[in-house]
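Build me a model:
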Amino acid sequence: MSENKTTGNSSSDEIDLGQLFRMIGKGFDKLFNAFLLLFLYLRTNFIKLAILIFVGFAIGFALKFLISDQLKTDIIVRPNFDSKDYLYNVVEEIEANLKIKDTVFFGELGIVISELKSLKIQIESIQEETNEINLEDDIKYLETLQNFKENSFVLDVVKAEIQKKSNMNHRITFFYKNPLQGRVATLKLMDYIQNNKYFNEVKDVYNENARLKIKQNNELINQIDELISGYSKNLVESDRSNQATLLLETENGLDITGLLNLKNALVKDTELKKLELVEQKEVVHIINFGKNQKVRTPIYAQGVTVIPMILLILFFIYSIIKYLNKKANEIK
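Prediction:
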């Protein structure tokens, strides 16, 4: 009995393997037939496909010459003296004049009129990441200033810090076709943005105040150094005479720690004022004036390779629809 059962299982395995090989063979036959059908289709439509490829390359080359590459210049700026609204308004003014092709406006700026067709401008804000370490340092610094809130310079420091944190960088982008004329137009339009009478007067006052503040801070720092130096000198003389206490009418109650903190605050304020003199040279401070760079070419402008592919895909779709329509009519 067991021998008959074993023989039956082995025969069943052989039958299963035979069916598997026959299925694999049929699969290869179908794959080969599909390849033959594809070859027959390409051979039958070879002339049509060749014409489509030739026409596609011809259209692509034509677009390549007719549609020149678009260039752009990115300029990173930071508005000073609360001039953010002015910056956006003047950019909108330039954009509106570009839309109506105001030749008088751009002629006065010395911009080539023929370049107005491709010249565009846009502006956007740039979000800055907050550095937690710097934030903690700033909080400690402001807490130190609380001890000297009676002094006027502290208000200036706090105001400068708040203004520095609230101002954001912005990106002005100019688009154009001609690399030379577009670059010249970009420079002249940035000069126009900078040339605001009111904000330039404000800039001069700010910078003059900053220079005066630096001078006053340096004088106060020198006075603090003299006080601390004199106190230290008298303290050394007192130790030499073996006195237990130091009694000086002019230095009674002298807060050395407070004076040192005040000196550090004055030094910090001087550093900020020097930085302001650098950053406030212009109404709109230019952080980075980019070079000419090519804008990503749109799909339709990449015609040399894209258009032949599109034509071929459309032809294949047409052939599939035609074949399906033929089969549908046969069923009817």
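
ranges for the strands of this protein?
With DSSP state E as the criterion, the chain has strands at 71-79, 120-126, 169-176, 284-289, 293-294.

Can I get those strands in JSON lines including mean pLDDT, distance to residue 268 and mean neighbour count?
Where C-beta positions appear, they are placed from N, C-alpha and C, glycine not excepted. JSON lines is the format used below for those (pLDDT from 0 to 100; distance: least, CB to CB, whole Å; neighbours: other CB atoms under 10 Å):
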{"stretch": "strand 71-79", "mean pLDDT": "91", "distance to residue 268": "21", "mean neighbour count": "19"}
{"stretch": "strand 120-126", "mean pLDDT": "89", "distance to residue 268": "27", "mean neighbour count": "14"}
{"stretch": "strand 169-176", "mean pLDDT": "92", "distance to residue 268": "23", "mean neighbour count": "19"}
{"stretch": "strand 284-289", "mean pLDDT": "90", "distance to residue 268": "21", "mean neighbour count": "15"}
{"stretch": "strand 293-294", "mean pLDDT": "83", "distance to residue 268": "39", "mean neighbour count": "10"}
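
With distance to residue 45 as added columns, please give these in JSON lines.
Below are the strands of the chain laid out as JSON lines (distance: least, CB to CB, whole Å):
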{"stretch": "strand 71-79", "distance to residue 45": "42"}
{"stretch": "strand 120-126", "distance to residue 45": "44"}
{"stretch": "strand 169-176", "distance to residue 45": "43"}
{"stretch": "strand 284-289", "distance to residue 45": "55"}
{"stretch": "strand 293-294", "distance to residue 45": "38"}
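
Nearest approach to residue 195 belongs to which of the ones you listed?
Counting by CB to CB, residue 195 lies closest to strand 284-289 out of these; the figure is 10.5 Å.

That closest one pairs with which strands, and in what direction?
Sheet pairing of strand 284-289 (DSSP bridges) gives strand 71-79 (antiparallel).

Contacts for the strand it pairs with next, please.
86-87, 126, 167-177, 179, 182-183, 186, 190, 279, 283-295 (CB atoms under 8 Å, 6 or more residues apart in numbering).

Residue 171 reaches residue 124, doesn't it?
Yes. Look at residue 171 against residue 124 with CB atoms under 8 Å: they come within range, at 5.4 Å.

Can you show me the helices along this protein?
2-44, 46-66, 84-99, 103-108, 132-145, 152-166, 179-194, 197-240, 256-279, 303-331 (DSSP state H).

Quick one: mean pLDDT for the last one?
Read that as helix 303-331. Average pLDDT, helix 303-331: 78.

same check, this time on the shortest one
The predicted model assigns helix 103-108 a mean pLDDT of 87.

buried ones in that helix?
Neighbour counts over helix 103-108 (16 or more other CB atoms under 10 Å) mark 105-106 as buried.

ok, now which ones touch residue 263?
With contacts defined as CB under 8 Å, 6+ apart, residue 263 is in contact with 221, 224-225.

out of the strands of the chain, which comes closest to residue 322?
With CB to CB, the closest approach to residue 322 among those belongs to strand 293-294: 41.9 Å.

thinking again about what came up before, out of the contacts of residue 263, which are buried?
For the contacts of residue 263, buried by 16+ other CB under 10 Å: 221, 224.

so can I have a markdown table of the contacts of residue 263 showing pLDDT and distance to residue 310?
Putting those into a markdown table (pLDDT from 0 to 100; distance: CB to CB, whole Å) gives the following:
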| residue | pLDDT | distance to residue 310 |
| --- | --- | --- |
| 221 | 82 | 73 |
| 224 | 80 | 77 |
| 225 | 78 | 78 |
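
Return the member of the contacts of residue 263 nearest to residue 206.
Set against residue 206, the nearest of the contacts of residue 263 by CB to CB is residue 221 (22.2 Å).

Just give the nearest non-adjacent residue to the closest one, would you?
Of all residues not flanking residue 221 in the chain, residue 266 sits nearest, at 5.3 Å (CB to CB, 6 or more residues apart in numbering).

wait, the one you found sits on residue 220?
Yes. With contact defined as CB under 8 Å, residue 266 counts as touching residue 220 (5.6 Å).

So if I had to pick from the two, which one is more boxed in?
Shown here are residue 266 and residue 220; by other CB atoms under 10 Å, residue 266 has more neighbours (23 against 17).
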